[in-house]
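Novice: Pasting the sequence and the predicted model now:
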Amino acid sequence: HVQLVESGGGSVQAGGSLRLSCKSSGYIWSNYCMGWFRQAEGYEREGVAQMDLNAGTSGYADSAKGRFTVSRDNAMSTVYLQMNSLKSEDTALYYCAARSSVSFAYWGRGTQVTVS
């Protein structure tokens, strides 16, 4: 049984920082790609960043480039999203997800980020 649990969300003032965590359990690691997504109220879900756990490479949406950084802790089976210089438009429910093929098959329940 695969489970992803996000944490680290909260309320922060514009310009501040937060670090989100995504702890995985079950057989998710090494050959998976982990993604961070967000959905603001009234908007569709959008991809923010992702990391290929095998290659260690990462990619970012234009809105996240230069401000967000995804990293991992293999020993803890955890992926992080460091978010700096937060803006009000970053307010959303943030999800992590995992895929081993084309589609993200496993999703967490999300953690709320509010920037005022």
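Specialist: Perfect, thanks for sending it. Note that the coordinates shown come from a computational prediction; the quantities given were computed from them, not determined experimentally.

Novice: gap between Gln50 and Ser58?
Specialist: Using C-beta to C-beta, to the nearest Å, Gln50 is found at 7 Å from Ser58. (Glycine included, C-beta is placed from N, CA and C.)

Novice: neighbour count winner among the two?
Specialist: Neighbour tally, Gln50 and Ser58, criterion other C-beta atoms under 10 Å: the higher count belongs to Gln50, 23 against 17.

Novice: Excluding covalently adjacent residues, which one is nearest to Ala97?
Specialist: Counting by C-beta to C-beta, 6 or more residues apart in numbering, Ala97 lies nearest to Phe104, which is 3.9 Å off, once chain neighbours are set aside.

Novice: Next up, the contacts around the one you found.
Specialist: Phe104 makes contacts with 35, 97-98, as judged by C-beta atoms under 8 Å, 6 or more residues apart in numbering.

Novice: any idea how far the nearest residue to Ser58 once chain neighbours are set aside lies from Arg72?
Specialist: Closest residue in space to Ser58, ignoring its immediate chain neighbours: Met51 at 4.4 Å, by C-beta to C-beta, 6+ apart. Taking C-beta to C-beta as the measure, Met51 falls 6 Å from Arg72.

Novice: more neighbours, the two?
Specialist: Met51 (22 against 17).

Novice: per-residue confidence at that one?
Specialist: On pLDDT, Met51 comes in at 94.

Novice: That one: which element?
Specialist: Using DSSP states H and E, Met51 maps to strand 46-52.

Novice: what packs against that strand?
Specialist: In terms of contacts (3 or more C-beta pairs under 8 Å, 6 or more residues apart in numbering; DSSP states H and E), strand 46-52 is packed against strand 33-39, strand 58-60, strand 68-73, strand 78-83.

Novice: center of the chain - which residue?
Specialist: Centroid-nearest residue in the chain, with C-alpha atoms, centre = their mean: Trp36, separated by 2.8 Å.
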